[in-house]
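Peer 1: Output the structure for:
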Amino acid sequence: RKLTSKEFLNVFTSGGLAPSLGIINSTYTGIFHFNLTLFSDRVYWLIHIPRENITKNTDIAAVEEWLVRITLHHGLNIYTTEGTLLDSVREPILQWNLGTKMTRNIVSKLYPHVIDLKVTKCPCANDVALLGFLLNSTLDGVYIGLSFSGFWNYDDTTWYNLTDMIYSRVGEDHTELSMVDMVLTNHFLVILTSLGLFISRDLRYPSSPVDYVKGKLWYNERCFANRELFEVDYVTITFERNRTLSEASSCFFSNEPFLEWLPCLPRISHGMKAGLSTVITFLVDQNHSCGVYLLSLQKEIAVSIHTLRNNKPRLKRKYPSFTFPSSFSSPVGMMFHPRSHFLYVYGNQVWLSMDGGHIFELLADFHDDIIKNTYHSFYTSDVTFVSQSGKVYLTKAGLERYTEIGSITDKIFTLYYDHMGVIHKLTPERFEAGRSLAAFGNAKGIFGQAPDMGFETALALQYITLDEMIFYAYVPENEPEKSRYTKQFNNIHLGKVIHSGKTGTAYIRKILKHNTPKGFLSSVIAEMTDPFGVEDVSESSCLSSSLSINQDGNFYNLTLQMQKSDVEKTVVIPGYSSFLITRIVDAKNALAIATMPGRVPNGMTFVKDSWFLYNFGQRNGRTWTIYERPCNYWFQQHDDSLSLNVLKYIDLGKSYSLKVKVIPNTKGVRTLEIPLLKVIVGNPTLMEFEAEGSFDDAGSYLMEISIGSTSLAFIVWGASLDCFVTTFVPRVKSSCSYLKSIHHIPSQYIPLEDWISGVHKDSQGFNMIKTLPINYRPPSNMGIAIPLTDNFYHADPSKPIPRNLFHKSKKSGKFKQCANKSTREECNCTNDQKFSHAVAFSDCREKVPRFKFPVTQYPISLEIHSEDGHMPVETPYLVTVMEVNRRENWELTHTVPENVKKLKDYLESILHAPVYNPSGLNLSIRGSELFHFRVSVVPGVTFCNLVEEFQIYVDEVPLPFPGHPLIAIAFAIMLGGLIFLTFMLQIRNIHPWDKCRKLVRRSKVKLSNVSVSQLANR
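Peer 2: This is a model prediction of the structure:
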């Protein structure tokens, strides 16, 4: 019987198995475990993860979308499923009101007027995307759909009408407004319309006679999460050149905030002659800090690379231009694969450069067909090309082969990759994606089974060894020159598998082009994976006769019992040339062409069963096909990172080691003893690089590299395009990791619950937590009652400010978090801010560590925390220490090794501040109340600005000088005076105590008499 959901879950939980959830991006991996115990009424596992456990930031910024991977048990990798997690609080475009919202009914009225679609996606979160309608002349306006879920569901798309907003900027007298193109960068939305170019304000802060219709936007997609100062987005706009446009007016580029647009071509100095060139497109390569031009130079197409200076291209080329052959006659554009250095130039051909444009290799030749659009996924490294005939081709980043995955018959459509690399087909009326389990993550959900990549001609089989063979493609003599390429092998067939209509398969290893032997202009070297079936007597009666071979001009006459159905079959004679039968002369003779004319057995006769007949013809329907090879390699990373686009930071003097393994899954195919990985370095001039590769006993290939700073690409060059991973692109950045920070380690640990309660006593009963008074300010050097600092602690604007009697104290003190607030609740202090030592959050700080006076030799223990773990702060990380409230009465002691002394003296002369060795650094305090220290690592030893702050409250302090001496002197004077007075009274024989007793007795006698007289009167 089938198990119910509850019974199914009980089976796993009783075995100690419960799912784990991994949250992953290029710099972060977090594993969260579901609760093993199920409640009685629950038929599912449930986990609750507070947002603060993943990220604490809430500011609007470009932030990388997370990949969510759920497995039944962490490490077992069984029952794995994946999804994405979007930080909707921080994603810039989601915080904006793009325009007037539209209902589904209003949007449907636009469908008859749509002539094309434009899609653009967020560089860091590919599930956030915009879809724009390009309209015909019967309707004007700009209409955009926004999706935050990767266009999986049409109803989840929010549609906006931007028409009124754009008309308000250009004036109501303009008409015929329509979108032409759009680009969503990390922080800006750029829209090209028929009336001009419109650029949003920075998305992080919500609040003329050119034919724009023939313009196009170009953008090198790069994710700038955890952005560096040198990272900037560039956008290029190009126009089709006509008589009204000069070349300088046909291409412009700009960097954010896209306020100044400059001509793409560098300014030519006076007296220099301008070349007759047209800019097809212009991109900025940030790996090499260069501008890359695709130029049309009269009758030539070329790529030219110019270095950038002050974000502007220089006139001088960095390298000599690369000129494409004349066969590349219809260039359309070029694109960088996201987050990598692979450059593609496309048109009627596709060219690939692995070094940013210096050298190109031909990837594909489409002859009369032209690639019009490209689409890509950084996650799966997919690069998809769509031709004007509707055919769709796929390659992987850096892979020197491609395949056909289908065709699209929709008149109006666009393709789009979501964050997980799933391809979607978008039309005005519907969205399509692979929803079945088999199709999930690949193109089969849209295009179905991949098409046959065979071509209409006969193949001739020639064995080289028992497992290796050559297939020759037959081109008839009367075939027109213009169509001969349709009967030849080309690059698309590299790495594919030839299937026989009978039985048998062979893997294509190499493609050859040649003019001989006659009739064969191309061939492939293939390795047999399954034996091919031969013809038998029932299919071809000639097999029952002997075979005689005689040369007849350029042909060979085969004498045997023939029939018309034997045309285009291949005669195979072991040890000799094979023959492709091209014509039947009569019942006993046929003409054939030889695959190896040098090994023809001319004049020889072969008895039956000593030769064989194979059918790879196409006269009665093609008997062979070519399809993509099933995935033949597995890719494995040898570290804790689960991301396919890992980003690693390298600090000064550090290096990064990375191990990867390629595991062959090549059943029936021999594994060559050559490296299975190709490693491409984005910018070799920026780094030191060492690589070591080896095979293990299982035939897997292991590579370990040590690198400095650049982008890399690991390419499994022999992998099938059916593999999910063929290219691994880690990025290495010489910069400070946002996960790297410095921390002060207190001498005694205080649990969080004690900080909340405000009580943590040591072994002697001394409370080590001090709750600061409201609106507290530490003392100054002028005294406790005269604070001069601008920092408030435990701020509350509704309460009076203590120690505010003196004029200087009244002028000091400024609220930060509580500025312009009336109560402490309005300050919105979070728990993290209340426990933060940073002076920026001093308004929120309520409790601080408390120490008894005196504080002597307090160890300042510092640690650096990063993704690599924790490490103590030691040389060469020298530090400076300051008290943020300008207090004195403290000192530091440390030891300075001889090898550090010169560096210390040099830094002190530059920084004009004492420099300390963090090892063995001790603090002594002679003052009272709050001391707030800031420790900073000196510049030049790290890319990071490592700063840490900590606080110490000194309590139970004796009176400061001269309090104690004054009290002692006063007491001594009083005691001496009392002794002197007693001495004088004794000398004079004066007894003041006797007189006091007499006065007391007289008073009592008087009181008694008064009482008696009052009673007598009554």
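Peer 1: For the rest of this, base every contact and every neighbour count on C-alpha atoms.
Peer 2: Fine.
Peer 1: Please verify my assumption that Ser326 contacts Glu300.
Peer 2: Yes: contact criterion Cα atoms under 8 Å: Ser326 and Glu300 qualify, at 6.8 Å.
Peer 1: Show me which of these two is the more surrounded one.
Peer 2: The neighbour comparison of Ser326 against Glu300 (other Cα atoms under 10 Å) goes to Glu300, with 15 against 10.
Peer 1: which residues pair with that one across the strands?
Peer 2: When assigned by DSSP bridges, Glu300 has beta-bridge partners Leu297.
Peer 1: Asp994 should be in a helix, yeah?
Peer 2: Yes: membership of Asp994 in a helix is supported by DSSP: H, G, I helix; E, B strand; the rest coil.
Peer 1: Figure out the helix or strand that His744 lives in.
Peer 2: strand 741-745 (DSSP states H and E).
Peer 1: Give me the contact list for that strand.
Peer 2: For strand 741-745, contacts defined as Cα atoms under 8 Å, 6 or more residues apart in numbering pick out Ile860, Ser861, Leu862, Glu863, Ile864, His865, Ser866, Leu946, Val947, Glu948, Glu949, Phe950.
Peer 1: can I assume His358 sits in a strand?
Peer 2: No: counting by three-state DSSP, His358 is not part of a strand but coil.
Peer 1: What's the local residue count around it?
Peer 2: Neighbours around His358, by other Cα under 10 Å: 17.
Peer 1: ok, it - contacts?
Peer 2: Contacts of His358 by Cα under 8 Å, 6+ apart are Ile305, Tyr319, Pro320, Ser321, Phe322.
Peer 1: Just among the residues you listed, which is most surrounded?
Peer 2: Ile305 (28 neighbours).
Peer 1: returning to that earlier point: nearest to Leu134 among the contacts of strand 741-745?
Peer 2: Ser866 (48.2 Å; Cα to Cα).
Peer 1: Could you report the pLDDT at the closest one?
Peer 2: Note for Ser866: predicted pLDDT of 85.
Peer 1: which residue packs closest to it, ignoring adjacent ones?
Peer 2: In this structure, Ser866 finds its nearest non-sequential neighbour in Lys740, 4.3 Å apart by Cα to Cα, 6 or more residues apart in numbering.
Peer 1: so what are the domain limits for the protein?
Peer 2: In terms of domains, the chain is parsed into 1-85, 459-621, 633-733, 741-955 (source: the TED database).
Peer 1: want to try TSV for the ones you listed, with distance to Leu415 as columns?
Peer 2: Formatted as TSV, the domains of the chain follow (distance: least, Cα to Cα, whole Å):
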stretch	distance to Leu415
domain 1-85	20
domain 459-621	22
domain 633-733	19
domain 741-955	37
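Peer 1: Kindly reformat those domains as TSV containing mean neighbour count and distance to His337.
Peer 2: As requested, the domains of the chain are arranged in TSV below (neighbours: other Cα atoms under 10 Å; distance: least, Cα to Cα, whole Å):
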stretch	mean neighbour count	distance to His337
domain 1-85	15	17
domain 459-621	18	20
domain 633-733	17	11
domain 741-955	17	27
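Peer 1: So which of those domains is nearest Leu283?
Peer 2: domain 633-733 (16.2 Å).
Peer 1: Can you get me the start-to-end distance on that closest one?
Peer 2: 29 Å (Cα to Cα, to the nearest Å).
Peer 1: Likewise for stretch 555-564?
Peer 2: 18 Å.
Peer 1: Then stretch 470-485?
Peer 2: 19 Å.
Peer 1: next one: that stretch to chain centre, how far?
Peer 2: Here stretch 470-485 is found 47 Å from its chain centre; the criterion is Cα atoms, centre = their mean, to the nearest Å.
Peer 1: Good, wrapping up.
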